[in-house]
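>>> give the three-dimensional model of this entry:
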Amino acid sequence: MASFWTGTRVRLRGIEPDDWTACMRFAAEQERLGDVLYPPRSAEGYRAWAKEQAGADPGSECFQLAIEGTDLGEIVGTVGTYHADPRAGWFEYGVMIGADHRHKGYASEAVVMLLRFMFAERRYHKCQARIFAHNEGSLALHHRLGFVEEGRLREHVFFAGQHHDLVMMGMLADEFTQLHPASGA
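Residues are numbered from 1 along each chain as shown. All right, here's what the predicted structure looks like:
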């Protein structure tokens with residue numbers, strides 16, 4: 001049997017300590033896109049974060065995974081869950097793909113794999129995503145995957161000197177199953 005975590009384009013795996021350089025590069029690219037603005041983090045800060053992720057409990061409801069391109073054998077992004085409420089049955093997730101690796105199908109395949117795990121194995125009922133309204137690429141990705149816009153928080157986040165809208169998107173487990181049936185399971 002093939003690994004649950006390996007698809008056509010990507011393999012999801014745990015964050016390794018050596019992944020810190022790629023994650024530092026992804027963060028810098030994210031800032032240039034205007035998605036987020038944080039004070040600069042040192043290389044040691046990224047090393048510590050990657051080391052912490054490498055030692056994280058794999059049974060936790062919130063976790064980060066490296067997205068490795070099967071064609072490249074290197075990390076192209078990250079995907080993970082950020083908030084989870086097992087009692088209510090919902091979780092939030094995020095995905096980040098390096099600028100050189102966008103528009104190649106890595107994000108969509110990684111997200112489908114993560115959602116399949118959270119819905120089928122962890123038995124969650126709903127996934128939520130928070131997307132900056134100006135991030136047209138991410139909004140388009142989520143629409144293609146079958147997420148539904150559930151609301152817009154007007155001028156909810158502040159960065160780069162101004163307020164921005166935040167779009168709340170969601171998908172239910174049965175919607176996911178209809179749109180993304182498991183192959184060969």
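>>> what's the lowest-mean-pLDDT helix or strand in the chain packed up against?
For the chain, counting by mean pLDDT, DSSP states H and E, helix 20-32 ranks last in confidence among helices and strands (a mean of 80). On a contact count with 3 or more C-beta pairs under 8 Å, 6 or more residues apart in numbering; DSSP states H and E, helix 20-32 meets helix 43-54, strand 74-85. For every residue, glycine as well, the C-beta is placed using N, CA and C.
>>> which of the ones you listed sits most buried?
Looking across these with neighbours counted as mean count of other C-beta atoms under 10 Å, the highest average goes to strand 74-85: a mean of 19.
>>> which neighbouring elements make contact with it?
helix 20-32, strand 64-69, strand 90-97, helix 106-116.
>>> need those in TSV (columns: distance to Tyr82 and mean neighbour count).
Shown next, in TSV, are these (distance: least, C-beta to C-beta, whole Å; neighbours: other C-beta atoms under 10 Å):
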stretch	distance to Tyr82	mean neighbour count
helix 20-32	15	16
strand 64-69	9	23
strand 90-97	5	20
helix 106-116	12	22
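>>> from Glu29, how far out is Ala48?
21 Å (C-beta to C-beta, to the nearest Å).
>>> same check, this time on His125
From His125 to Glu29 the distance is 33 Å (C-beta to C-beta).
>>> which stretches of this structure aren't confidently modelled?
For the chain, the stretches with pLDDT under 70 are 1, 31-38, 184-185.
>>> thanks a lot, see you next time.
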